[in-house]
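below is the sequence, then the predicted model.
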Amino acid sequence: MAIKALPTVSNVLYLQDLVPGIAALEGDCAKEELAYVIVRQGTESDSIAIERMSSERQIVWTDKDVREVRDSRMREQWAMQVFRCMCDAGNITGQDDKAVFEFSGGAIHERFVDGTFGDFLKAYGALNPIVTRALRYAVWEMNPDWDLRTPEEGLEGEQANS
């Protein structure tokens, strides 16, 4: 069987299902009013672009484990992951009640956030950190290799680093 070069795309992921606390931000509303995102699996091109943001990387070997140590702009890398893999989002609005993110047209697996990464950062950076956390968790569900939390750390470990 041939391997298709189409990235896998998630179903609709509701932000309140990803991060506790989103439901409190949304209040009591109907399901169609809940904030959601659709993300795709990253490609090798995405991984390369994200890796370029790392300034230094070391692998540390000890008697007990192996770990990776990075000197990088981690939050900017997380934003780049969301920028490159988010295909659609809904009910995430700015102060003007307009959608924070616009997307290119086409098939869902070909859609990208419109504009440059700098434009995206302006909108993304204005969001509540709990919302940006939910967006990256959605991306990490489709791209577990990018999730730097250890199973022991889970949500609590990542929150300590955000």
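Looks like it arrived, so ask away.

in this structure, which residue is closest to the centre?
With distances taken as CA atoms, centre = their mean, residue 136 lies nearest the centre of the chain, 2.6 Å away.

excluding its backbone neighbours, what's nearest that residue?
residue 78 (4.8 Å; CB to CB, 6 or more residues apart in numbering). C-beta here means a position set from N, CA and C on the backbone, and glycine is covered the same way.

now do the helix or strand encompassing the one you found, average pLDDT.
Take DSSP states H and E as the rule and residue 78 turns out to sit in helix 74-85. Helix 74-85 shows a mean pLDDT of 93 in the predicted model.

who touches it?
With contacts defined as CB atoms under 8 Å, 6 or more residues apart in numbering, helix 74-85 is touched by 39-42, 46, 49-50, 53-54, 112-113, 117, 120-121, 124-125, 132, 135-136, 139-140, 142-143, 146, 148, 161-162.

could you do stretch 45-65 as well?
Contacts to stretch 45-65, defined as CB under 8 Å, 6+ apart, come from residues 42, 66-73, 76-77, 80-81, 84-85, 146.
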